[in-house]
Every structure is written in structure tokens, then in C-alpha cells.
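Chemist: Using only what follows, build the 3D model:
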Amino acid sequence: MAVETLTFGCRLNTVESEVMRRHAEAAGTGADLVLVNTCAVTTEAGRQARKAIRKLARERPGAEIVVTGCGAQVETDAYSAMPEVARIVGNDAKTRAETWLPATHVRPRLEIDDIMAAREAAPTRIASVAGHTRAFVPVQNGCDHRCTFCIIPFGRGNSRSVTLDDAVDQVRRIVDHGGREVVLTGVDLTAYGRDLSPSSSLGRLVQAILRHVPDLARLRLSSIDSIEADAALWEAIASENRLMPHFHLSLQAGDDLILKRMKRRHGRDDAIRFCESVRRLRPDAVFGADLIAGFPTETEEQFTRSLDLVAECGLTHLHVFPYSPRPGTPAARMPPVAGDVIRERAARLRDAGAAALTAHLAGEVGRTHRVLTERGGMARTEGFTPVRLAADTPPGELRDVTIAGHDGRVLIGAE
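Modeler: The predicted structure is shown next:
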């Protein structure tokens, strides 16, 4: 019995969708089941999920649609009001095998747990995710911080970590099944290990994985909070070539007052200093970043500091988010920036990102990179830059490719 999943949002959701799918298929839960794993990071994410649910119901009127994820957790009423939805499952219960067992009694439509009561992060114990070349390993869930624009802590709960041994075992399992590259992921990845006894850290975890899984070819980190980088992580950046030199930073803004109003823990100079320090240790480092355009009260001068940060940090891969208010967050009560101004600032940030990417691509021409092949004739460099290969190759192979050119978006490998 095949179970379909429809996933919105982060890499953590991607892995959790695969876990749910396998549990549901093993349990034989119905003949036509669709699991919709929602996101709540922006208002638009919720709108897109509900639009997709309505479309699913029209196209497959006999399907049982089960909704879960952060959207289900924090916007329960919106999904409860949808007649297309058969069942709503909370974030803590969704990856438990028993959640997907056939019901022995009348099951409630709403199964929303108290996510703030969750105290453990369960290891995923799967060796791959269908359709993905690299393997994602969730090692942390939840967040103890309360950024004023963010609703996710109320969808994911407080920070909790997978044990170091479980994380290492999961990476070993992936490598034993032929995996070449692993991405460590979480909601607040640099918070890893603080809740464990004895406590640990992301850097210690990275060192343990590379030490105990010597056949792992490449290890990556998903988005990190640069101000929380620990001493062991700095050691790994400096000395571990298998830790890939791509760092995606949760920066959000480049003006100190806006960062303070966001309740971020870093300042503008901290971000610049982090990038400079990493480049001294790893001259081949490539940086990505999340940036929000049009945060409440943001003036043109303050926005310009975010725009300038692209060059000052040497950012290459940008994720630009036009600010949208999330009900229940402090930022939603702050004086807003006009919608047309938000859109215009987001466009300028994207233009700056496109120019930075073009410059990065041009600088790669003539170099040889060890790439990991993906589907569709594509691959990724050590710095996560996409490469179009001269010939289609099986996914999951490491090979050396000389860069012949670029098209403004991706590198082009020589024939």
C-alpha cells in the first residue's frame, strides 16, 4: 500500500515525512492516504499548504488527507475548518509508529499534543529519503529562543537533542547503505547538546562523527546561528576537510537596531567577523544566508545596511524573505512597513544576491572540483554550488569535474 506525502518547508520536515510514510505503509493504514506535512514559517507557507489540500481533495475525492507539521500545530483552527481534512496530527506524535497503526476505536479528528511538554528528540533511523542524493540527519528539534518574528518554537517546542551515540549510529547506518554525504539538520542546530547529560555541542558532534565514521566522504551543516559556534566547531572548520566549506547563516538583517528588535543574539559586526574568521581557516568557504526584507520599523537606511552585508560578509547563496506578520508574535504588533516597500526591498536584496552569485560562478571557471552527482545531470561542489554535467551520470557518485563556464545560475562542467 503506497502512501503519498506532500511536504512544505524545511529539511527536518523532509525527513519526518519519510519516517511517517514508512510507518504508515508498514501499518497498512488505508488504501489512499496522503500525508500533508505543513510549514508555518511565513503566512504564505500556510496559504500554499491549504491551497494544495483543496486541490488534492478535488483531484482525489476518495483520498484520506491527514495534516501535520508546524502549520497544524500553530494554526489548528484554520485546518480544522477545512472539510477536506480527515485528521490533524501534532508535531510530537507524527513520527511515532503507533500514530499510524490502524485504529481499534473511533479516532479523534484532532490529535494535537502539548508540544511544549516534549522532552526528547527521537532519532530517525532511516538510511535514505526517496528522491534525495544526500542524507539528512535531524540531530536537534525545537528552539529555546524567542525571535520576535518567529512562530516556530510554538510549533516545535523547546530545544532537545538526539544523543551523540544515536547521531553517530545514524550516520554510520547511512554510510553502510552507500551514502556519501550527510547533512546535519535541526531547528536551532547550534543549540545541539546543551540539554544532554553530560552536555555536548555541535562541534563535538561533528568531531565524533568524523572520527567514528571514517568512511563518510562528506559532512554538511544546515543553517547555523554563527554567534553560537563553539570551540570544537571552530577546530573542525580549521582541520576537517570532510566538513564541507559551505555555511548557511541565520543572519536575518544587517542593522543592529533591527537585530535587537528581532531579538537576535548577534550584531552586524559579529556576522562580518564570523565570515572573515572562517575564510582565514578555510579560504574556499562559501556562505549563504537568510535575510528578511521590510521588518517592522525598518527605515531605508537600516535596510541599506542589510543590503551592504551581502558584500561585507561575502554572501553567495541568499534566501530572501519579504516580512509577513505571524499572529501571536511580538513583531506583528510593531509598526509595519508598507507592502510595496517590502516587495521593492526584497527585490533589491535578490538582485544583490544574483550579482554575488554571478561573481562567484565566474571565479570558479577553470577550477576543478570534486562534486557529488545528483539526478538530472546535475552535481554540487564542496561549496554547494550547482554544476551541470556534460553527460548524465548516476546520482551519488563523487568525481572530479573541471568547470568550463556558467550560465548565471549554475556552473557548467567540461566535457
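
Chemist: Once you drop chain neighbours, what's closest to residue 99?
Modeler: Using C-beta to C-beta, 6 or more residues apart in numbering and skipping residues adjacent in sequence, the residue nearest residue 99 is residue 93, 4.9 Å away. Bear in mind the C-beta positions are built from the backbone N, C-alpha and C, glycine included.

Chemist: for stretch 96-104, what is the average pLDDT?
Modeler: For stretch 96-104, mean pLDDT is 83.

Chemist: how about the strands in the stretch 51-200 of the chain?
Modeler: Per DSSP state E, counting those that start in this stretch, the stretch 51-200 of the chain carries strands over the ranges 64-69, 87-89, 110-111, 135-138, 140-141, 160-161, 181-185.

Chemist: that older thread, so the residue nearest to residue 99 touches residue 115, yeah?
Modeler: No: using C-beta atoms under 8 Å as the test, residue 93 is too far from residue 115 to be in contact (9.7 Å).

Chemist: Those two: which has the busier surroundings?
Modeler: residue 115 (21 against 16; other C-beta atoms under 10 Å).

Chemist: what's the closest non-adjacent residue to that one?
Modeler: That would be residue 157: by C-beta to C-beta, 6+ apart, it lies 4.0 Å from residue 115.

Chemist: Point out where the chain drops to low pLDDT.
Modeler: In the predicted model, the chain carries pLDDT under 70 at residues 1, 29-31, 104, 127-128, 130-131.

Chemist: residue with max distance from the center of it?
Modeler: Centroid-distance maximum for the chain: residue 105 at 36.9 Å, with C-alpha atoms, centre = their mean.

Chemist: out of the strands of the stretch 51-200 of the chain, deepest packed?
Modeler: Scoring these by mean neighbour count under mean count of other C-beta atoms under 10 Å gives strand 140-141 as the most buried, with a mean of 27.

Chemist: Check what contacts that one and list those residues.
Modeler: Residues from elsewhere that reach strand 140-141 (C-beta atoms under 8 Å, 6 or more residues apart in numbering): 12, 118, 121, 156-157, 159-162, 186-189, 191-192.

Chemist: and with 6 Å instead?
Modeler: For strand 140-141, contacts defined as C-beta atoms under 6 Å, 6 or more residues apart in numbering pick out 121, 156, 160, 161, 186, 187, 189, 192.

Chemist: Check stretch 44-54 too.
Modeler: Outside stretch 44-54, the residues that reach it (C-beta under 6 Å, 6+ apart) are 8, 36, 38, 39, 40, 71, 75, 84.

Chemist: go again using 10 Å as the cut-off
Modeler: 6-9, 34, 36-40, 42, 65, 67, 69-72, 74-75, 78-79, 81-85, 151, 321-322, 324, 326 (C-beta atoms under 10 Å, 6 or more residues apart in numbering).

Chemist: try stretch 348-355
Modeler: So stretch 348-355 is in contact with 288-289, 291-294, 303-304, 306-311, 315-322, 408-409, going by C-beta under 10 Å, 6+ apart.

Chemist: Is it possible to mark the buried ones in those?
Modeler: Applying 16 or more other C-beta atoms under 10 Å to those, the neighbour count classes 288-289, 291-294, 303, 306-307, 309-310, 315-322 as buried.

Chemist: Which of these fall within helices?
Modeler: 303, 306, 307, 309, 310 (DSSP state H).

Chemist: Burial check on residue 60, number of neighbours?
Modeler: Residues near residue 60, counting by other C-beta under 10 Å: 13.

Chemist: I'd like to know how far it sits from residue 84.
Modeler: 10 Å (C-beta to C-beta, to the nearest Å).

Chemist: same deal with residue 69?
Modeler: Distance from residue 69 to residue 84, by C-beta to C-beta: 16 Å.

Chemist: Next: residue 337.
Modeler: 35 Å.

Chemist: Repeat that for residue 77.
Modeler: 15 Å.

Chemist: Compare neighbour counts for those two and give me the winner.
Modeler: Legend: neighbour count by other C-beta under 10 Å for residue 77 and residue 84, higher for residue 84 (17 against 7).

Chemist: dump the residue contacts of the nearest residue to that one once chain neighbours are set aside.
Modeler: Spatial nearest neighbour of residue 84, excluding adjacent residues (C-beta to C-beta, 6+ apart): residue 57 at 3.7 Å. Residue 57 sits next to 34, 63, 65, 82, 83, 84, 85, 86 when contact means C-beta under 10 Å, 6+ apart.

Chemist: out of those residues, which one sits closest to residue 262?
Modeler: When the contacts of residue 57 are ranked by distance to residue 262 (C-beta to C-beta), residue 82 comes first, at 32.1 Å.

Chemist: State the number of residues packed around the closest one.
Modeler: Residue 82: 15 neighbours (other C-beta under 10 Å).

Chemist: Show me where the stretch 1-150 of the chain has its helices.
Modeler: 11-27, 43-59, 70-74, 76-80 (DSSP state H, counting those that start in this stretch).

Chemist: out of those helices, deepest packed?
Modeler: helix 70-74 (a mean of 28).

Chemist: export that one as CSV, just CAs?
Modeler: The C-alpha coordinates for helix 70-74 follow below in CSV (Å, rounded to 0.1, in the frame of the first residue of the first chain):
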residue,chain,number,x,y,z
CYS,A,70,4.1,23.2,12.2
GLY,A,71,1.1,24.6,10.4
ALA,A,72,-1.2,22.0,12.0
GLN,A,73,0.4,22.7,15.4
VAL,A,74,0.0,26.5,15.4
